[in-house]
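Trainee: Structure for the following, please:
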Amino acid sequence: MTVPAHVSLRQRAIDDADTAFGYLHAEAPPGPAENFVDDLERALGLLARQPLTGSLRFAFELNIPNLRTWPLERFPYLIFYVVSDDQIDVWRLLHTSRDVLASLADEQPGTISQ
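Mentor: Numbering: from 1, shown residues only. Purely as a prediction, here's the structure:
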């Protein structure tokens with residue numbers, strides 16, 4: 001997967017993407033898994049160009065300042081990220097059916113989750 005230079009994925013986001021890819025690859029013909037990667041790369045590219053485009057909805061619900069979300073185009077996943085001066089910090093990539101509040105409850109702005 002190609003990630004723009006000023007986009008950083010936390011280990012949990014990488015694990016989320018790997019899990020989603022593995023599930024799609026195992027459950028369907030190869031096409032959907034590759035389409036998932038294409039959608040993720042496209043979304044990360046858009047965020048690299050327009051980082052403030054995502055919704056702040058979960059920032060208010062979780063009381064995590066500047067936490068933004070952006071949906072993938074063809075898959076029910078949300079990218080959770082925070083924008084700093086020169087970096088986009090991608091925290092998680094979660095399926096929309098997940099309990100987002102519980103999944104992000106232990107995340108903190110200045111920490112890297114392993």
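Trainee: looking at the sheet around residue 92, what are its partners?
Mentor: Beta-bridge pairing of residue 92 under DSSP bridges involves residue 80.
Trainee: swap in residue 55?
Mentor: residue 69.
Trainee: what's the distance between it and residue 85?
Mentor: To residue 85, residue 55 is 21 Å away according to CB to CB, to the nearest Å. C-beta here means a position set from N, CA and C on the backbone, and glycine is covered the same way.
Trainee: Those two: which has the busier surroundings?
Mentor: Ranked by neighbour count (other CB atoms under 10 Å), residue 55 and residue 85 place residue 55 first, with 13 against 4.
Trainee: measure the residue nearest the centre of the chain to residue 68 for me?
Mentor: The residue lying closest to the centre of the chain (CA atoms, centre = their mean) is residue 79, at 2.5 Å. Using CB to CB, residue 79 is found at 8 Å from residue 68.
Trainee: shared neighbours of those two, anything?
Mentor: residue 54 (CB atoms under 8 Å, 6 or more residues apart in numbering).
Trainee: can you tell me which helix in the protein is longest?
Mentor: Determined from DSSP state H, the single longest helix within the chain is helix 30-49.
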